[in-house]
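# Take a look and give me a structure for this.
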Amino acid sequence: MSRRSGYPSARSGDTTMIATRRALLGGFSVLPLAGAFPALAADERDSRAAAALDAQFAQHAPPAMASAAVGRDGLIWSGARGVRRAGSDEPATLDQLWHLGSNGKAMTAVLYARLVEQGRARWGATLPELFPGVAIDPALRAVTIDDLLCHRSGLSDRDLLTREVMMAGHADTRSTRDQRVDFAAMVLGQTPTGTRGTFAYGNGNYILAGAAVERLADRSWEETIQAEVFDPLGMTSVGHGAPKGDNPWGHRSVGDQLIPVDPAGVADNPPFLGPAGRIHMTVADYGRFLRLYLTEGAGLLRPETMARLMTPPEGAPPAYGYGWGVQPGPRLGHDGSNTLWHVTARVLPARGVAVLSVANHHGRGQPANHAMVEALAALYAPA
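Got it, this is the predicted structure:
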């Protein structure tokens, strides 16, 4: 199974169009694994992983990319290639920050699960329960938190995240929590154009889920996910939006030229889209999050909760649940992009291995990341 939303390109200099379209991006896919290598000594396996990274970086030529394999006990192997910005000689490194795009959706789902285990939320909660006192269109009253987290609510980004909404989001200086209150009121007050139970990938689902978390926790999604997920897992590098400082920048294409996009400008989605994917972190910290799925919750969540988070709802394909595309095994996969970056992650819980790759250009990074995670899975998670 492979499915992701489209990735339209923007005209040269049209940063507003990039920002507007970016809300519609992000997707998931689970690729067939390449044939596994025979059992190798650790040094030989790591050497082959480094060679695979060299090959994909050379073939696809993103400005920079970083890749890793993660086991139940932590990082097994990692490597980085390239430069922070095209045209510079400043190297990209593993301790720098990388944008994860829609791969942050699984983190929002884990946050809601954490609130369920604490007794502050429940699975199956309907929108009227999650947003008491808010006017809700009759067609949305049966929609549940699970529908949102599995993209089966009937909501459509095309209707919700319009150019006007995105531009207003970039200009809004209020708190993200206040912005999400208004977004939720807008969404809940209009009739959805889709059908509940039918899969339709959309960032609006996760923004609404984030707004629900804020009501349940009585503080912002950013504060809540830091306290309930990132801090307990020891993820100290997490931030929101395009990473600033001495870190790789995202890039857009103008013909064959790669243009670095200054994070001080419009280099990411508007802040209110945080629960749908504006998170950045180091490769090692992303590995700490992926370990949840290899260790039955790593002490943060109960095994039965993790099983739920890896089980898609019944119904017509594709099989997607709680931030992941799912294939039997289970095998989990997701891709993320804000059009300037691209990340790919695959998780094989039964084999105790997760693999990931991220690049600071979408168009060149996507094929490089896909090939890289296949190579890493074959090396570190042989059948």
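
# What segments of the stretch 251-383 of the chain are helices?
Along the stretch 251-383 of the chain, counting by DSSP state H, counting those that start in this stretch, helices occupy 274-277, 283-290, 303-309, 362-380.

# quick one, which of those is packed in tightest?
helix 274-277 (a mean of 28; mean count of other C-beta atoms under 10 Å). Bear in mind the C-beta positions are built from the backbone N, C-alpha and C, glycine included.

# who wins for proximity to A51 among the helices of the stretch 251-383 of the chain?
helix 362-380 (9.1 Å; C-beta to C-beta).

# before we move on, the earlier item: with distance to P317 and mean pLDDT added, can I get the helices of the stretch 251-383 of the chain in CSV?
Listed next are these as CSV, based on distance: least, C-beta to C-beta, whole Å; pLDDT from 0 to 100:
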stretch, distance to P317, mean pLDDT
helix 274-277, 22, 98
helix 283-290, 24, 98
helix 303-309, 19, 98
helix 362-380, 21, 98
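
# can you redo those helices as TSV with distance to G194?
What follows is the helices of the stretch 251-383 of the chain, written out as TSV (distance: least, C-beta to C-beta, whole Å):
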stretch	distance to G194
helix 274-277	17
helix 283-290	30
helix 303-309	24
helix 362-380	26
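
# Now do the contacts for the residue most central in space within the chain.
Nearest to the mean C-alpha position of the chain, by C-alpha atoms, centre = their mean, lies N103 at 1.2 Å. Residues near N103 by C-beta atoms under 8 Å, 6 or more residues apart in numbering: 277, 286, 323, 334-336, 343, 345.

# Over to L340?
Shown in contact with L340 (C-beta under 8 Å, 6+ apart): 18, 99, 242, 250-252, 261, 267-268, 360-362.

# got it, and H342?
101, 335-336, 358-359, 361-362, 365-366, 369.

# how about the strands of the protein, start to end?
2-4, 27-29, 64-71, 74-82, 98-99, 239-240, 251-254, 257-260, 279-281, 320-321, 324-327, 331-336, 342-348, 353-359 (DSSP state E).

# So which residues make contact with the last one?
Identification of contacts with strand 353-359 by C-beta under 8 Å, 6+ apart yields 62-71, 76, 98-100, 283, 286-287, 290-291, 293-294, 341-348, 365-366, 368-369, 372-373, 376-377, 380-381.

# Lowest average confidence across the strands of the chain, which one?
Among the strands of the chain, strand 2-4 has the lowest mean pLDDT, at a mean of 32.

# Could you report the separation of the residue of the chain positioned farthest from its centre from A86?
Here the centre of the chain is the reference, and by C-alpha atoms, centre = their mean the most remote residue is A41, at 32.8 Å. Distance of A41 to A86, computed by C-beta to C-beta, to the nearest Å: 37 Å.

# May I ask you to confirm that A184 is in contact with P132?
No. The criterion here is C-beta atoms under 8 Å, and A184 misses it with P132 at 11.9 Å.

# which of those two has more neighbours?
A184 (23 against 9; other C-beta atoms under 10 Å).

# Count the neighbours of the nearest residue to the more buried one once chain neighbours are set aside for me.
With sequence-adjacent residues excluded and distances taken as C-beta to C-beta, 6 or more residues apart in numbering, A184 is closest to A211, at 4.3 Å. Residues within reach of A211, counting by other C-beta under 10 Å, total 27.

# if I look at V326, how far off is A113?
Distance from V326 to A113, by C-beta to C-beta: 16 Å.

# residues near S156, how many?
By other C-beta under 10 Å, 17 other residues sit near S156.

# Pretty sure it sits against Q190.
No. Counting by C-beta under 8 Å, S156 does not reach Q190; the two are 10.6 Å apart.

# Let me know the closest of the contacts of N103 to L309.
The nearest one, if we look at those relative to L309 and count by C-beta to C-beta, is G323, at 7.7 Å.

# neighbours around the residue nearest to that closest one when sequence neighbours are not counted, how many?
If the residues on either side of it in the chain are set aside, G323 comes closest to A106, at 2.9 Å by C-beta to C-beta, 6+ apart. Neighbourhood size, A106 [other C-beta under 10 Å]: 27.

# In contact with A106, which residues?
289, 309, 322-324, 334.

# run the last query once more with 10 Å
28, 100, 149, 277, 289-290, 292-293, 309, 321-324, 332, 334, 336, 345, 347 (C-beta atoms under 10 Å, 6 or more residues apart in numbering).

# same thing with L149?
Counted by C-beta under 10 Å, 6+ apart, L149 has contacts 105-106, 108-109, 112-113, 123, 205-206, 208-209, 309, 313, 320-323.

# gap between it and Y206?
7 Å.

# shared neighbours, those two?
105, 108-109, 323.

# Among those residues, which one lies nearest to L161?
For the shared contacts of L149 and Y206, the nearest to L161 is K105 (14.8 Å; C-beta to C-beta).
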